[in-house]
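In: fold the following for me, if possible:
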Amino acid sequence: MTAETPIPETVQEEAPNLVLSNFPICARCGEAIQGPIFVYIAKHDEHYCPRCIDAMIEFNDWAEIE
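Out: Numbering: from 1, shown residues only. The predicted structure is shown next:
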């Protein structure tokens, strides 16, 4: 049996950020979109999470959807 080398604390703290950096970022709230459903607007190269889309539609029913 071999002894496991402990992972430095700074690497442990950065690991979740490296994983999240692979996900698109919502243009409205700035959070990583981790779910399979999101809206991408190619014209503006923007991603939006479902929560922000719902919020925008709730307050702006007459908004034009491309």
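
In: C-alpha from now on. contacts and neighbour counts both.
Out: OK.

In: tell me the contacts of residue 51?
Out: If you count contacts by CA atoms under 8 Å, 6 or more residues apart in numbering, residue 51 has none.

In: ok, residue 27 next?
Out: 46, 47, 48.

In: show me what contacts the first one?
Out: Right, the one you point to is residue 46. Per CA under 8 Å, 6+ apart, neighbours of residue 46: 26, 27, 40.

In: can you get me a residue count around the first one?
Out: Other residues within reach of residue 26 by the criterion other CA atoms under 10 Å amount to 20.

In: just grab the bridge partners of it for me.
Out: residue 47 (DSSP bridges).

In: now the contacts of residue 27 as TSV including distance to residue 34?
Out: Listed next are the contacts of residue 27 as TSV, based on distance: CA to CA, whole Å:
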residue	distance to residue 34
46	15
47	12
48	11
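
In: between the contacts of residue 46, which is nearest residue 54?
Out: Of all the contacts of residue 46, the one sitting nearest residue 54 is residue 26; the distance, using CA to CA, is 13.1 Å.

In: test my guess that the closest one contacts residue 45.
Out: No - counting by CA atoms under 8 Å, residue 26 sits too far from residue 45 to count as a contact (10.9 Å).
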